[in-house]
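K.L.:
Sequence first, then the predicted structure:
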Amino acid sequence: MENATNKNLRKAFVFLVVVAIIGLLFSGVFEFLHDRERIQDFFQDSGTLGPIIYVLAFVAAQPLSLPGAALIIPATFVWGWWEVFIFSMVGGIVASTVGFTVSRWIAQDWVRKRLPKRLLKWDQRLSENALLSVISLRLITGYAPAADWVLGFSKVKLSDFLIGTVVGLVPITAVLAIFGDDTVRWVQTAPLLALAAVVIFGILLLVVKKLRGTNVTID
């Protein structure tokens with residue numbers, strides 16, 4: 001009886017999510033979140049409610065699969081860099097947690113039953129080094145909602161997801177909040193340098209992982 005109830009709840013929730021996404025698409029939010037000037041003007045006119053609406057905008061962008069940079073860069077023309085950093089981190093963490101929780105609750109079992117064994121083995125390795133894996137994924141994907149959904153399908157614990165998300169988002173959020181538009185120009189003019197920076201971060205994480213494994217073996 002409980003399983004049937006849970007299935008019905010999940011079906012109802014999926015229906016509500018689909019309706020919400022369709023509603024967002026027809027409401028013009030998608031076009032709004034792609035217009036930097038409109039976003040900037042909107043938050044400038046929002047007053048004290050601006051930060052709250054800004055955080056909610058991250059949540060609204062989650063099902064539309066919009067990157068966080070689309071919101072962070074316009075915000076740099078409205079608030080100081082440290083305010084943008086704090087508001088963006090809060091918005092990113094809330095939105096990521098929503099995406100992670102929703103994907104885990106409504107689709108984890110269904111997806112895992114259909115995954116090939118090779119991907120299940122990959123998921124096993126991911127969960128065994130969950131924290132470092134989440135940090136690495138965040139450094140590479142940033143605010144990409146797809147990362148939240150993939151991690152939601154996996155066996156990664158919520159605690160590792162949250163800590164890894166916070167640590168992984170700090171560098172990209174700080175860079176975008178401080179440099180704003182210049183960050184995009186730098187990536188466009190020097191994509192190899194941007195890629196090299198990500199690779200260096202990844203190598204550092206691998207070194208930390210190996211050192212931790214060595215320490216465990218010695219003990």
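P.N.:
Cool, the structure landed. On a predicted model such as this, the values are computed, not experimentally measured, just so you know.

K.L.:
so where's the longest helix in this structure?
P.N.:
Longest among the helix segments of the chain by residue count, using DSSP state H, is helix 81-113.

K.L.:
And the contacts of the next helix or strand after that one?
P.N.:
Per DSSP states H and E, the first helix or strand lying C-terminal to helix 81-113 is helix 117-128. Helix 117-128 is contacted by residues 112, 115, 133, 154-157 when judged by Cβ atoms under 8 Å, 6 or more residues apart in numbering. Glycine gets a C-beta too; all of them are placed from N, C-alpha and C.

K.L.:
Dump helix 117-128 to PDB, keeping only the CA atoms.
P.N.:
Provided in PDB are the C-alpha atoms of helix 117-128 (Å, rounded to 0.1, in the frame of the first residue of the first chain):
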ATOM      1  CA  LYS A 117      26.700  -2.400 -16.000                       C
ATOM      2  CA  ARG A 118      29.600  -0.200 -17.100                       C
ATOM      3  CA  LEU A 119      27.900   2.900 -15.900                       C
ATOM      4  CA  LEU A 120      26.900   1.300 -12.700                       C
ATOM      5  CA  LYS A 121      30.500   0.500 -12.000                       C
ATOM      6  CA  TRP A 122      31.300   4.100 -12.700                       C
ATOM      7  CA  ASP A 123      28.700   5.100 -10.200                       C
ATOM      8  CA  GLN A 124      30.200   2.800  -7.700                       C
ATOM      9  CA  ARG A 125      33.600   4.500  -8.100                       C
ATOM     10  CA  LEU A 126      31.900   7.900  -7.900                       C
ATOM     11  CA  SER A 127      30.200   7.100  -4.600                       C
ATOM     12  CA  GLU A 128      33.400   5.700  -3.100                       C
END
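
K.L.:
Just give me the neighbour total for Trp105.
P.N.:
By other Cβ atoms under 10 Å, the residues close to Trp105 number 15.

K.L.:
can you check Ala144 too?
P.N.:
Neighbour count of Ala144, defined by other Cβ under 10 Å: 18.

K.L.:
ranges for the helices of the chain?
P.N.:
For the chain, the helices defined by DSSP H cover 2-27, 29-33, 36-44, 50-61, 69-75, 81-113, 117-128, 130-141, 145-153, 158-179, 181-189, 191-218.

K.L.:
Next up, the contacts around the nearest residue in space to Tyr143 that is not next to it in sequence.
P.N.:
Using Cβ to Cβ, 6 or more residues apart in numbering and skipping residues adjacent in sequence, the residue nearest Tyr143 is Gly68, 2.8 Å away. By Cβ under 8 Å, 6+ apart, the contact set of Gly68 is 58, 61, 88, 91-92, 142-143, 173, 176.

K.L.:
please redo it, this time with the cut-off set to 10 Å
P.N.:
Taking Cβ atoms under 10 Å, 6 or more residues apart in numbering, we find Gly68 in contact with 58, 61-62, 88-89, 91-92, 95-96, 142-145, 169, 172-173, 176.

K.L.:
that older thread, make a markdown table out of the contacts of helix 117-128 and add pLDDT, neighbour count and distance to Tyr54.
P.N.:
Output for the contacts of helix 117-128, formatted as a markdown table (pLDDT from 0 to 100; neighbours: other Cβ atoms under 10 Å; distance: Cβ to Cβ, whole Å):
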| residue | pLDDT | neighbour count | distance to Tyr54 |
| --- | --- | --- | --- |
| Arg112 | 73 | 14 | 35 |
| Leu115 | 68 | 14 | 36 |
| Ser133 | 88 | 21 | 29 |
| Ser154 | 87 | 26 | 29 |
| Lys155 | 87 | 15 | 33 |
| Val156 | 91 | 23 | 27 |
| Lys157 | 92 | 13 | 29 |
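
K.L.:
No further questions, thank you.
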